[in-house]
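Visitor: The amino acid sequence is not available; the structure is as follows:
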């Protein structure tokens, strides 16, 4: 696995965990939830770009 992909997967996992933790709170912070969701999508997009870049032709 490409080292950058590994780091992106780890980041995606950490963000997902933080997102789930925030959603479990009695009063989730809507601003933090939005920020985490956008960040998670950005990381996922980077993962897809990297996968396409290194995909066999």
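Guide: Great, that's in hand. Every value quoted in this text rests on a predicted model; they were computed, and no experiment measured them.
Visitor: How many neighbouring residues does residue 43 have?
Guide: 20 (other Cβ atoms under 10 Å). (C-beta placed from N, C-alpha, C; glycine too.)
Visitor: Settle this for me: it is touching residue 12, isn't it.
Guide: Yes - using Cβ atoms under 8 Å, residue 43 is in contact with residue 12, at 4.8 Å.
Visitor: Now do the shared contacts for the two.
Guide: Residues touching both residue 43 and residue 12 by Cβ atoms under 8 Å, 6 or more residues apart in numbering: none at all.
Visitor: So what touches the helix or strand hosting residue 48?
Guide: Residue 48 belongs to helix 30-53 when assigned by DSSP states H and E. Residues outside helix 30-53 that contact it (Cβ under 8 Å, 6+ apart) are 2, 4-5, 8-9, 11-12, 15-16, 18-19, 22-23.
Visitor: at 6 Å what do you get?
Guide: 5, 8, 11, 12, 15, 18, 19, 22 (Cβ atoms under 6 Å, 6 or more residues apart in numbering).
Visitor: In helices, which of those residues appear?
Guide: Counting by DSSP state H, those place 5, 8, 11, 12, 15, 18, 19, 22 in helices.
Visitor: Format those residues as JSON lines; extra columns: distance to residue 48, pLDDT and neighbour count.
Guide: Shown next, in JSON lines, are these (distance: Cβ to Cβ, whole Å; pLDDT from 0 to 100; neighbours: other Cβ atoms under 10 Å):
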{"residue": "5", "distance to residue 48": "10", "pLDDT": "95", "neighbour count": "14"}
{"residue": "8", "distance to residue 48": "10", "pLDDT": "97", "neighbour count": "20"}
{"residue": "11", "distance to residue 48": "14", "pLDDT": "98", "neighbour count": "16"}
{"residue": "12", "distance to residue 48": "11", "pLDDT": "98", "neighbour count": "18"}
{"residue": "15", "distance to residue 48": "16", "pLDDT": "98", "neighbour count": "20"}
{"residue": "18", "distance to residue 48": "21", "pLDDT": "98", "neighbour count": "16"}
{"residue": "19", "distance to residue 48": "19", "pLDDT": "98", "neighbour count": "18"}
{"residue": "22", "distance to residue 48": "24", "pLDDT": "97", "neighbour count": "16"}
